[in-house]
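# predicted structure and sequence below. I'll ask about it afterward.
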Amino acid sequence: MKDLSGKVAWVTGAGSGIGEAAALALAGAGAKVMLTGRRREPLDAVADRIGAARQTAAVATGDLTLAGTAATIVEAIRERFGRLDILVNNAGTNIRERRWDQLTPEGIDTVIHGNLSAAFYCTVAALPMMRAQRDGVLIHTASWAGKFIGPVSGASYTAAKHAVVAMSQSLNMEEYKNGIRSTAVLPAEVATPILDSRPVPPSAEDRGRMLQPDDLGDLILYIASRPASVCINEVVISPTWNRMYLG
């Protein structure tokens, strides 16, 4: 069994989907977990599940697209736990009006800030504590759309997720000397609530064939529990029945 006892993880977008699965997996391996998202109620529900298993979780709500939110949460982590070992940069969003002939400046800002700016803010806030420890793991939820360009995800989401991959790679170039490792996770379709924001949401049958949140939770735990000498730079993962191959 993977053992993260003594470690502290910060999971963004932790109220549902991949973030919830990651938080449960990391806590199950012994990590103390800070849960972040916009809405308190789903975060409290995840924290209650972790607490019921006699594991430790705290909740810090906030809008991560605002530049100061991440620093405030990291300070709360410092005060509560004294360290930060793992950041799961998972918060993200998309919009229904995602085609070029539908895009508006407001929609572009929603997607770019929600998927890219927030990831940068959280990373910048987390790095000083990790540098001081000479150790840390950053795991960023990118997307299949961060590697393969197609019509499904929309231009702004595709551009943002490509940038998240570039961000992660640049972190490894600069921060390896501080014992910090960064991984971009690029899943194809995962059966999470974000699918409901598509112009045509997938059917229940199609969602059943997709990757499930627990698949990503298991992967994130694997990455987080590698020895400090190992850096997993990038993982591309898909369901066997991959609708992206259908066009």
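Received, thanks.

# got a list of contacts for the strand ranked longest in the chain?
The strand spanning the most residues in the chain, taking DSSP state E as the definition, is strand 180-187. Outside strand 180-187, the residues that touch it by CB atoms under 8 Å, 6 or more residues apart in numbering are 18, 127, 130-131, 135-144, 146-147, 161, 164-165, 168-169, 171-172, 175, 211, 216, 219-220, 223, 226, 228, 230-238. Where C-beta positions appear, they are placed from N, C-alpha and C, glycine not excepted.

# the chain: helices as residue ranges?
Ranges of helices within the chain are 17-28, 40-52, 69-81, 105-112, 118-133, 155-175, 204-209, 213-224, based on DSSP state H.

# kindly reformat those helices as CSV containing distance to residue 8 and mean neighbour count.
Below are these laid out as CSV (distance: least, CB to CB, whole Å; neighbours: other CB atoms under 10 Å):
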stretch, distance to residue 8, mean neighbour count
helix 17-28, 10, 27
helix 40-52, 13, 16
helix 69-81, 4, 17
helix 105-112, 29, 15
helix 118-133, 9, 20
helix 155-175, 18, 19
helix 204-209, 33, 12
helix 213-224, 11, 20
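
# lowest average pLDDT across those?
Set side by side, these differ in mean pLDDT, and helix 204-209 is lowest with a mean of 91.

# ok, the spatially most central residue of the chain to residue 240 distance?
Nearest residue to the geometric centre of the chain (CA atoms, centre = their mean): residue 90, 1.6 Å. Residue 90 is 24 Å from residue 240, where distance means CB to CB, to the nearest Å.

# residue 208 reaches residue 191, doesn't it?
Yes - Residue 208 is within contact range of residue 191, at 7.3 Å (criterion: CB atoms under 8 Å).
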